[in-house]
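>>> Fold the following for me, if possible:
(2 chains, ligands or ions: 2)
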Amino acid sequence: MAFTSSGNLSSAEMSTRDAIGAVNRAKRIDKIFAVGGILVMVIAMGLLFALIGDLVVRGLGRIDYDFLTSFPSRRAERAGILSAWVGSILVMLTTAFLAIPVGVAAGLYLEEYARKGWLSNIIEINVSNLAGVPSIIYGLLALGLFVYGLDLGKTILVAGMTLGLLILPIVIVSTREAVRAIPRVIKEGAYGLGADQWQVMWHYIIPAARPGILTGAIVGLSRAIGETAPIITIGALTFIAFLPPAPVSGDFPFINFDWLTDGFTVLPIQMFNWISRPQADFHVNAAATGVVLMALTLSLNGIAIWIRYRLRREHHN
Amino acid sequence: MTNMPDKRAAEATTDADQPPIPPRKEKAPLRARVENLNFYYADGFQALRNVSMPILDRQVTALIGPSGCGKSTLLRCYNRMHDLYPGNRYEGSVILEPEGENLIGPDADPVLVRLRIGMVFQKPNPFPKSIYENVAAGLRVRGVRNRALIDEAVETALRRAAIWDEVKDRLDGSAYDMSGGQQQRLCIARALAPNPEILLLDEPTSALDPIATAKVEDLVQELSKDVTVVIVTHNMQQAARISNRTAFMHIGQLMEFDETSKIFTNPSHPRTEAYITGRYG
Ligand SMILES: Nc1ncnc2c1ncn2[C@@H]1O[C@H](COP(=O)(O)OP(=O)(O)OP(=O)(O)O)[C@@H](O)[C@H]1O
Ligand SMILES: [Mg+2]
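Ligands and ions are numbered 1, 2, ... in the order given. Next up, the predicted model:
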C-alpha cells in the first residue's frame, strides 16, 4: 500500500491508515504472545519428557518376563511386580464396576430427571467441589467409614470403593456434560414421536452421550490407577512387611469373588515402597515399576481417545 | 399409495401459472378447538392471549403472522411440547374432537397426546440412525416389534412423504447423508409412520430450496386427504397455495381466522391486510 505523505488525504484514507497501524500493532503483540507461549510449552514439555525419559532410561532395562511374574523379594534382582499389577487391575475393575454405573446414573438423573431448584443447585455445586477434594481426604474417610466403621478390612473391595468415590465426581460431571451437549432438537424429535422419558433416555440420550460418558469414565480410571495417598491411608502400607499372594494365583479368580476381601498392593505403592529403600538396585526396580504404571495410564488414555474418535465418527458422519 | 410419477410431472408444469387454491371443504367436521387459551413461559412472559380457534378435520390450517407473534408457541400447545421445560403454564383448553378431550387438562398425559399428534420441526432433525430406523422410531416407541409390520409401515410412510424412490436402496444408510430437503421429508415420514391424527408442521420449508419446498408443499396437500394438518409458515404464497383455513396472529393474539381464500382476497382486519400485502411484519 502506497500512501502519500501529503496533507490532503481524505478522511476515509486517514482512517484506513489508522486501521493499518492498529492491525500492525496487533500483529506484533500476536507474535510476542506466540513466542512466549511456545517458550513456556517447550519448558513444560521438556521437563515432562526429561522426567519420563529418565524413568525409562533407568527402568526399562529392568523390565522382563521375570520382573512381571515374580513376587516382591528382599533381594532386588529377584523382586517383581506380579502382586502389584494384579492388585492394580483388580482394584481398577472394582472401582469401575462401582463408580461408572453409579456416576452415570447420578449424572443422568441430575441432568434429566431432577427438578431444577435450590436443592439441585446445591448438589451441583457440591459435585464440582468434590472433584477438587484432595485424595488423602477420601483416604481418611474410607479409613474411618469402610475400614473401621463398617469393619470391611484393608481389602481390594475397600480400595475399589475409595477410588470409586474419588472418581465419582469426574464420571458425574462428564456424564452431565455429554448429556447437555445433545442437541435440543433431537430430544424434542424423540418426545414429539410420543416417547416417554425413559425411552428418550435409553434410546436417544444414552447412545448419543456414550462417547463423552466413556471418555469421562476412562479419564477417571486413569487418575485412580496412579493414586497412592488414599490407598496408603486405608492401610496398604502394612503390606510392605508381608506381601499377599496374588489373587490370580491358583484357580480362576472371577468365578468366586473372594479376591474382593483379599489384601492387596498396587503399582504406585510398590514403587513408593522400593524408593524408600536405601539400596540403589531397588531404585531401579521403582523406575521400572514407574514405566509399567505410566504405560498403563497412557494406554487407558489412548483407549479413551480411540473410543471418542470411533463413536463420534459413527454418530456424526 | 400415491401416484408419484404423475405428481412429479405436475410439479414441473404448474410452477409458472397460479397454483390452484385447494377446493374448499365446506362441511368439514371439527377436529380440535382451542378455547380461551393463554400460555405463559417459565419467565412469566405471556405468549398467547385468549386464543380461540377451530381446527377442521382433514384440512390444512395455516398459522401466519410476524416473527415472535406466537405461532410456534400455539403449535406446540397442541402436542404439549411446552411440558418438556419446567415452569411453562397453560390456561384454557385445547379440545380434541369428537371425543371432547381437553389435551391440556390436568388429566391429559402429554406422552399420550404426542402419540396421537405428530410434529415436524423447522430444521430437519433426523436422529443419528439409519433412514429405516428413523422412520421406524415412532413404531418402536409404541412397542411394535413385528418386523414385517414395521417394514410395511416404513415403506408406506416413505411413500406418503414422496421420498421412497430416493431412499429405497439405502434404507440402512445414515440419515445424516441426505440432503436437507430429503431430511425434512424423512422427518415427515417419521411423523407419519405411526399414523397421527393431526400433523403439526412448524415452518417445514424454511431451510429448504424452492424445489424441495415445492415437493413438501405437494406432499402436504396430498396428505390432507387423510390427515389434519396445522402448518406454521412465513411464506404467504405457501399459505395461500396449500391451506384451506388461515389464522393470522399478532403479538400473542389471534387477529383473524377464516377460509384462506377469504383471508387473502378480502381480509376483514386492516392488520391482516397490511401483513399479507407485505406492508407490515
Ligand atoms: N422459551 C421461551 N421463554 C420465554 N419467552 C419465549 C420462549 N420462547 C419464545 N418466547 C417468546 O414468545 C413469543 C412468541 O414466540 P414464538 O416462538 O411462538 O414466535 P413465532 O411466531 O413462532 O416466531 P417466528 O416466526 O420467528 O418463529 C416471542 O416473543 C418470544 O420471544
Ligand atoms: Mg416459530
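
>>> Spell out which parts of chain B neighbour ligand 1.
B:41, B:43, B:45, B:47, B:67-73, B:234 (CB under 6 Å from any ligand atom). C-betas here are computed from N, CA, C, even on glycine.

>>> Output the residues you listed in a markdown table, with secondary structure appended to each entry.
Formatted as a markdown table, the residues of chain B next to ligand 1 follow (DSSP: H, G, I helix; E, B strand; the rest coil):
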| residue | secondary structure |
| --- | --- |
| B:Y41 | coil |
| B:D43 | coil |
| B:F45 | coil |
| B:A47 | strand |
| B:S67 | coil |
| B:G68 | coil |
| B:C69 | coil |
| B:G70 | coil |
| B:K71 | helix |
| B:S72 | helix |
| B:T73 | helix |
| B:H234 | coil |
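
>>> Just the buried residues from those residues, in PyMOL please.
Restricted to buried positions by 16 or more other CB atoms under 10 Å in any protein chain shown, the PyMOL selection for these reads:
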select buried, chain B and resi 47+69+70+71+72+73
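
>>> quick one: which of the residues of chain B next to ligand 1 is nearest to chain A?
B:S72 (11.5 Å; CB to the nearest CB).

>>> roughly how far apart are B:R160 and B:L223?
7 Å (CB to CB, to the nearest Å).

>>> Sorry, wrong one. I was asking about A:A190.
A:A190 is 22 Å from B:L223, by CB to CB.

>>> ok, now A:P183?
On the measure of CB to CB, A:P183 and B:L223 end up 27 Å apart.

>>> Could you check which of these two is surrounded by more residues?
B:L223 (21 against 12; other CB atoms under 10 Å in any protein chain shown).

>>> Next up, the contacts around that one.
B:160, B:192, B:199, B:229 (CB atoms under 8 Å, 6 or more residues apart in numbering or on different chains).

>>> Chain neighbours aside, what residue packs nearest to the first one?
In this case it means B:R160. Closest residue to B:R160 apart from its sequence neighbours, by CB to CB, 6 or more residues apart in numbering or on different chains: B:L192 at 5.3 Å.

>>> Near chain B, which residues of chain A are found?
Contact residues, chain A versus chain B (CB under 8 Å from any CB of the partner chain): A:115-116, A:183, A:185-196, A:199, A:203-204, A:207-208, A:315-317.

>>> Swap in 10 Å and give it another go.
Contacts of chain A with chain B, taken as CB under 10 Å from any CB of the partner chain, map to A:115-117, A:182-197, A:199-200, A:203-204, A:207-208, A:314-317.

>>> quick one: the strands in the stretch 101-250 of chain B?
B:101-102, B:117-120, B:198-202, B:228-232, B:245-250 (DSSP state E, counting those that start in this stretch).

>>> which parts of the second one are buried?
Within strand B:117-120, the residues that qualify as buried by neighbour count (16+ other CB under 10 Å) are B:117-120.

>>> that older thread, just put the residues of chain B next to ligand 1 in CSV and tack on pLDDT.
Below are the residues of chain B next to ligand 1 laid out as CSV (pLDDT from 0 to 100):
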residue, pLDDT
B:Y41, 94
B:D43, 92
B:F45, 92
B:A47, 92
B:S67, 90
B:G68, 90
B:C69, 92
B:G70, 92
B:K71, 93
B:S72, 93
B:T73, 94
B:H234, 89
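
>>> Tell me which two of the residues of chain B next to ligand 1 sit farthest apart.
For the residues of chain B next to ligand 1, the maximum inter-member distance is 24.8 Å, found between B:D43 and B:H234 (CB to CB).

>>> sec struct for A:L9, please.
coil.

>>> Neighbours of it, how many?
14.

>>> pLDDT wise, what is it at?
pLDDT for A:L9: 70.

>>> Can you give me the distance of it to B:C77?
Applying CB to CB, the value for A:L9 to B:C77 is 62 Å.

>>> mind checking how far the residue of the stretch 151-300 of chain A found nearest ligand 1 is from A:A190?
Closest residue of the stretch 151-300 of chain A to ligand 1, CB to the nearest ligand atom: A:R184 (10.8 Å). A:R184 sits 11 Å away from A:A190, going by CB to CB.

>>> same check, this time on B:N125
For B:N125, the distance to A:A190 - CB to CB - is 9 Å.

>>> now do A:L168
28 Å.

>>> Same check on B:A153?
In terms of CB to CB, B:A153 sits 18 Å off from A:A190.

>>> Please apply the same query to B:A239.
In terms of CB to CB, B:A239 sits 29 Å off from A:A190.

>>> The stretch 1-150 of chain B: helices as residue ranges?
Using DSSP state H, counting those that start in this stretch, the helices of the stretch 1-150 of chain B run over residues B:4-14, B:71-78, B:110-116, B:131-141, B:147-160.

>>> do you know which of these lies nearest A:I123?
helix B:110-116 (26.3 Å).

>>> In that closest one, which of the residues would be classed as buried?
Buried residues in helix B:110-116, defined by neighbour count with 16+ other CB under 10 Å: B:110-111, B:113-116.

>>> Take those and lay them out in TSV including pLDDT and distance to A:I269.
Listed next are the buried residues of helix B:110-116 as TSV, based on pLDDT from 0 to 100; distance: CB to CB, whole Å:
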residue	pLDDT	distance to A:I269
B:P110	89	55
B:V111	90	53
B:V113	89	59
B:R114	91	56
B:L115	89	57
B:R116	90	62
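
>>> From these, list the ones also adjacent to chain A.
B:110-111, B:113-116.

>>> what helices or strands is the host helix or strand of B:K262 leaning on?
Assigned by DSSP states H and E, B:K262 falls within helix B:260-265. Here helix B:260-265 touches strand B:60-64, helix B:236-242, strand B:245-250, strand B:253-259, helix B:270-276, going by 3 or more CB pairs under 10 Å, 6 or more residues apart in numbering or on different chains; DSSP states H and E.

>>> Tell me how far A:F146 lies from ligand 1.
Computed as CB to the nearest ligand atom, to the nearest Å, the A:F146 to ligand 1 distance reads 47 Å.

>>> right, and that residue touches A:L163 too?
No: in this structure, A:F146 is not within contact of A:L163 by CB atoms under 10 Å, at 11.6 Å.

>>> and the nearest residue to B:R170 once chain neighbours are set aside, what is it in contact with?
Once flanking residues are discounted, B:R170 sits nearest to B:I131: 6.6 Å by CB to CB, 6+ apart. By CB atoms under 10 Å, 6 or more residues apart in numbering or on different chains, the contact set of B:I131 is B:154, B:158, B:163, B:166-168, B:170-178, B:182-183, B:186, B:189-190.

>>> Could you list which of those residues belong to helices?
Under the assignment DSSP state H, the contacts of B:I131 contribute B:154, B:158, B:166-167, B:182-183, B:186, B:189-190 to helices.

>>> shaky segments in the stretch 151-281 of chain B?
For the stretch 151-281 of chain B, the stretches flagged by pLDDT under 70 are B:279-281.

>>> where does it come near chain A, residue by residue?
Counting by CB under 10 Å from any CB, the residues of the stretch 151-281 of chain B that sit close to chain A are B:174, B:176-177, B:187, B:190-191, B:193-194, B:196, B:200.

>>> Those into a markdown table, with extra columns for neighbour count?
Listed next are these as a markdown table, based on neighbours: other CB atoms under 10 Å in any protein chain shown:
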| residue | neighbour count |
| --- | --- |
| B:S174 | 19 |
| B:Y176 | 14 |
| B:D177 | 12 |
| B:C187 | 27 |
| B:R190 | 30 |
| B:A191 | 28 |
| B:A193 | 28 |
| B:P194 | 22 |
| B:P196 | 21 |
| B:L200 | 27 |
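
>>> got the CA coordinates for stretch B:152-167 in CSV?
Provided in CSV are the C-alpha atoms of stretch B:152-167 (Å, rounded to 0.1, in the frame of the first residue of the first chain):
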residue,chain,number,x,y,z
GLU,B,152,-44.6,-52.1,5.8
ALA,B,153,-45.2,-49.0,7.8
VAL,B,154,-41.8,-47.6,6.9
GLU,B,155,-42.4,-48.1,3.2
THR,B,156,-45.9,-46.6,3.4
ALA,B,157,-44.7,-43.6,5.4
LEU,B,158,-41.8,-43.0,3.0
ARG,B,159,-44.1,-43.3,0.0
ARG,B,160,-46.6,-40.8,1.6
ALA,B,161,-43.7,-38.5,2.2
ALA,B,162,-42.8,-38.8,-1.5
ILE,B,163,-39.2,-39.9,-0.8
TRP,B,164,-39.4,-43.7,-1.2
ASP,B,165,-37.9,-43.7,-4.6
GLU,B,166,-34.9,-41.7,-3.5
VAL,B,167,-34.1,-43.8,-0.5
